[in-house]
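[1] Pasting a predicted model and its sequence here:
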2 protein chains.
Amino acid sequence: MTSKVSRRPVDKFDERRRELAESALVTLGELGYARTTLREIASNSEFSHGVLHYYFSDKLELIVFCVGYYKARCVHRYDDVVERSTTADELLEGFVAKLAETIVEEAPMHRLWYDLRSQSMFEESLREPVDAIDRALEEMAWRIVTRYAELLGAPLTATPALVYGLLDGLFQQALLGHIAGREGALGRMQDEVRAVMPLLFGDRAAA
Amino acid sequence: MTSKVSRRPVDKFDERRRELAESALVTLGELGYARTTLREIASNSEFSHGVLHYYFSDKLELIVFCVGYYKARCVHRYDDVVERSTTADELLEGFVAKLAETIVEEAPMHRLWYDLRSQSMFEESLREPVDAIDRALEEMAWRIVTRYAELLGAPLTATPALVYGLLDGLFQQALLGHIAGREGALGRMQDEVRAVMPLLFGDRAAA
DNA sequence: GTCAAATCTGGACAATCGTCAAGCAGGTGG
DNA sequence: CCACCTGCTTGACGATTGTCCAGATTTGAC
């Protein structure tokens, strides 16, 4: 109906690629980029290790595909908070709450992200897809602060790169602290974000 | 003369360990943690690969030793600027200049640092030495901003963790941009740091 | 000079990796 | 029923890895 042939190889093919990418991301989140092997990925799926070369020409292509697949699900993590909030304070509190929540619930994915970003400084092939995610995350942070400025009614002088750099640095430190088991790492990060956000705006920031 | 026995095995032993750590750091900076092999480290030194197990029980112990060795040389990178500066503006300009300079001249070491810090989220054994460096870097950043506040005569409300998180985030983005060959990445970071520093202080920050 | 300890070499080991290819299962079209 | 394509399994390969060790070499004490 949708096409002349009843079987749609492209859809099936891509669907299985995504399924394998899912298993690969679980493994990558557990072991990191360096220690992840194709056999371990396969053992985390319902297939054998040989099938990976049927759907991916290369280990690197698999990783790159995973990076892109990972991107799609995480760059809109705060959209709900941004859209639903009606006051600046509500937005800020919803934001810091979700920041801590995602560190607790998705720590393996976040440490994988920082691992891959580090690897991109050594592996040329990773730079483009990694940079694409970094830009998408930067836009995500920008959507938050512009909406915050709107609700606050204060002028926003910072640049997207500045905002993302600041928040990402605080987030990374909190993730490190949380994985290392340091108590209060998340709460401290929340306080830091609460302290930083008003600084990005004009004089009315005391609210 | 310096001791009863003319031969000092401990000193010699440690001296060679440092020598090998030097070669290891060169290799690690080029290839990253994942792709660095003991044979490659040895080929970057004047010894054969077997000697590494004479001075280090394990590959991991070698890496950990390298991390600690690396720490000693980098945490005082800005001490000169801090001590020599007589005005707040001079300190800030010296700081941002040195930030860009170290990215250009020591990019392999910095990407290695971020690589190792990421690995510490997967490898338990790396957490303690990595965290020690992170704390030392935090203190380094704190020395800079406290001196800056002193020269500025303005109150400093931020915490060490906040200051380090912010600066480290901006530094990391600049390093990524520089390694990826993006023009203006360093200059943009310098502008961002110049914009952020005054925000950490009281109202007199417009200077 | 002699001898033993310290130092270093280079090859070998098992384990593990990415990759590949030959072959099996199962459904589809003719 | 046969031929065929797709999806998948299994086992093997060459290469590379960390590790270990037997022996060569160097060093320093006497």
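    Structure received.
[2] Residue numbers of chain A in contact with DNA strand D?
    When proximity is defined by CB under 7 Å from any atom of the strand, chain A lies next to DNA strand D at A:9, A:12, A:13, A:16, A:46, A:47, A:48, A:49, A:50, A:51, A:54, A:55. Every C-beta, even on glycine, is put in place using the N, C-alpha and C of the backbone.
[3] let's see 10 Å
    Listed as neighbours of DNA strand D in chain A under the rule CB under 10 Å from any atom of the strand: A:7-17, A:19-20, A:38-39, A:42, A:45-55.
[4] near DNA strand C, which of those show up?
    Among the residues of chain A next to DNA strand D, the residues that sit close to DNA strand C (CB under 10 Å from any atom of the strand) are A:7, A:38, A:39, A:42, A:48, A:49, A:50, A:51, A:52, A:53, A:54.
[5] So the fifth one sits against residue A:41, correct?
    No - between residue A:48 and residue A:41 no contact is recorded; they are 10.9 Å apart, counting by CB atoms under 8 Å.
[6] ok and the residue in chain A nearest chain B?
    With CB to the nearest CB as the measure, residue A:169 is the residue of chain A nearest to chain B, at 2.1 Å.
[7] how far away is that residue from residue B:166?
    6 Å (CB to CB, to the nearest Å).
[8] Neighbour count: those two, which is higher?
    Comparing residue A:169 with residue B:166 by other CB atoms under 10 Å in any protein chain shown, the one with more neighbours is residue B:166, at 30 against 23.
[9] Just the element for that one, please.
    With secondary structure defined by DSSP states H and E, residue B:166 is part of helix B:160-179.
[10] tell me what that helix is packed against?
    Applying 3 or more CB pairs under 8 Å, 6 or more residues apart in numbering or on different chains; DSSP states H and E, one finds that helix B:160-179 contacts helix A:124-152, helix A:160-179, helix A:185-196, helix B:88-105, helix B:107-119, helix B:124-152, helix B:185-196.
[11] Any idea which of those gets closest to DNA strand C?
    Nearest of the helices and strands packed on helix B:160-179 to DNA strand C, taken as CB to the nearest atom of the strand: helix A:124-152 at 11.6 Å.
[12] Pull the contacting residues for residue A:161.
    For residue A:161, the contacting residues are A:138, B:173, B:188, B:192, by CB atoms under 8 Å, 6 or more residues apart in numbering or on different chains.
[13] Between the residues you listed, which sits nearest DNA strand D?
    residue B:173 (30.5 Å).
[14] Look up phi and psi at residue A:156.
    phi -110, psi 110 (degrees, to the nearest 10).
[15] Next, count neighbours for it.
    Quick note: residue A:156 (other CB under 10 Å) scores 16 neighbours.
[16] Kindly report the same for residue A:63.
    23.
[17] looking at it, it is touching residue A:37, isn't it?
    No - taking contacts as CB under 8 Å, residue A:63 lies outside contact range of residue A:37: 12.0 Å.
[18] thinking again about what came up before, switch the helices and strands packed on helix B:160-179 over to CSV; also include mean pLDDT.
    Shown next, in CSV, are the helices and strands packed on helix B:160-179 (pLDDT from 0 to 100):
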stretch, mean pLDDT
helix A:124-152, 96
helix A:160-179, 98
helix A:185-196, 97
helix B:88-105, 97
helix B:107-119, 97
helix B:124-152, 96
helix B:185-196, 97
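[19] how about those helices in a markdown table, adding distance to DNA strand C?
    Below are the helices and strands packed on helix B:160-179 laid out as a markdown table (distance: least, CB to the nearest atom of the strand, whole Å):
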| stretch | distance to DNA strand C |
| --- | --- |
| helix A:124-152 | 12 |
| helix A:160-179 | 23 |
| helix A:185-196 | 32 |
| helix B:88-105 | 30 |
| helix B:107-119 | 16 |
| helix B:124-152 | 18 |
| helix B:185-196 | 31 |
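[20] For residue A:86, find the nearest of the ones you listed.
    Across the helices and strands packed on helix B:160-179, residue A:86 has its closest neighbour in helix A:124-152 (7.5 Å, CB to CB).
[21] Distance from the chain centre to the closest one, please.
    The chain centre lies 10 Å from the centre of helix A:124-152; the measure is CA atoms, centre = their mean, to the nearest Å.
[22] is any part of stretch A:117-126 close to chain B?
    Yes - using CB under 8 Å from any CB of the partner chain, stretch A:117-126 reaches chain B at A:117, A:118, A:119, A:120, A:121, A:122, A:123.
[23] what about residue A:183, is that helix, strand or coil?
    Judged by DSSP: H, G, I helix; E, B strand; the rest coil, the three-state class of residue A:183 is coil.
[24] how many neighbours does it have?
    Neighbours of residue A:183 using other CB under 10 Å come to 9.
[25] What of residue A:153?
    So residue A:153, with other CB under 10 Å, has 11 neighbours.
[26] Now stretch A:102-110: buried residues?
    A:102, A:103, A:106, A:108, A:109, A:110 (16 or more other CB atoms under 10 Å in any protein chain shown).
[27] Which residue does chain A have closest to DNA strand D?
    In chain A, the residue that lies nearest DNA strand D is residue A:50 (2.2 Å; CB to the nearest atom of the strand).
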